[in-house]
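Student: Next come a sequence and a model predicted from it.
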Amino acid sequence: MSAFEITGQPIELQVFRARLLDRSCGAYVQFDGWVRDHNEGRKVLQLEYEVYEPLAVRIGQDIIQEALERFGVSHACAIHRSGLMELSEVAVVVGVSSPHRSEAFEACRYIIDQAKIRLPIWKKEHYESGHAEWVNCQRCAHHE
Amino acid sequence: MKIRVRYFAVFREATGTGLEVIETGAASPSELFSECVGRHPGLQKYTASLVAINDEMAAWDAQLNENDEVLFFPPVAGG
């Protein structure tokens, strides 16, 4: 299994966690991103992720590698969903294990923050009103 | 020269296509994007945040070559 994956299937969290088990590690930090029922005052019914997989996987693996080197943690993995998702489903999971907790928290935060900025993944929200809209990450707009 | 242009998410919906091959004299992705806005007025209100050439992230002033595949990414929102 690769350190960063895209999947169209529900993420099996127990299987994911088992990949990061290590007897030399005393800390395991996991971040789950869930599908939320609202955004900016609107009721959300479903989420849809469009992923450009060839680049998303490569950039995702770069981010994991950076986290391993920068924070010196023992293991790090992440899985991101693609396609249509229901409320409360896990859209993304990041897991980090290390001998001590501090660097595991930092590495986990680094991976999810970078993933949101760098991965070619787009989110479409389907609202109760029947409308659907692509959600933009405005701080990522660099083109002038 | 011929360039393959790929659109994603809101760009795909605004242009009505995920891929088109265009004959262009654009020297850079920046010039090419302006040309694409001309071809697809629906793109006008959007800003592309990132660009890739042949599956490698690229600069907006990078040089384009015959048969390159240029990927225009709308602002991303993963996670």
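Tutor: That came through, no problem.
Student: What is the neighbour count of A:Gly8?
Tutor: Neighbours of A:Gly8 under the rule other Cβ atoms under 10 Å in any protein chain shown: 11. C-beta here means a position set from N, CA and C on the backbone, and glycine is covered the same way.
Student: In space, what's closest to it - neighbours in sequence excluded?
Tutor: In this structure, A:Gly8 finds its nearest non-sequential neighbour in A:Gly83, 4.8 Å apart by Cβ to Cβ, 6 or more residues apart in numbering or on different chains.
Student: residue ranges with poor pLDDT in chain A?
Tutor: Within chain A, the stretches with pLDDT under 70 are A:137-144.
Student: Show me which residues of it are close to chain B?
Tutor: Within chain A, the positions near chain B by Cβ under 8 Å from any Cβ of the partner chain are A:33, A:49-52, A:54-56, A:58-59, A:80, A:91-92, A:112, A:115-124, A:134-138, A:140-143.
Student: Can you spell out which helices and strands pack onto the longest helix seen in chain B?
Tutor: For chain B, the longest helix by residue count, based on DSSP state H, is helix B:29-39. Contacting helix B:29-39 under the criterion 3 or more Cβ pairs under 8 Å, 6 or more residues apart in numbering or on different chains; DSSP states H and E are the following elements: strand B:2-7, strand B:19-23, strand B:50-53, strand B:69-73.
Student: which outside residues touch the last one?
Tutor: Strand B:69-73 is contacted by residues A:52, A:55, A:120, B:3-8, B:11, B:29, B:32-33, B:36, B:48-55, B:64 when judged by Cβ atoms under 8 Å, 6 or more residues apart in numbering or on different chains.
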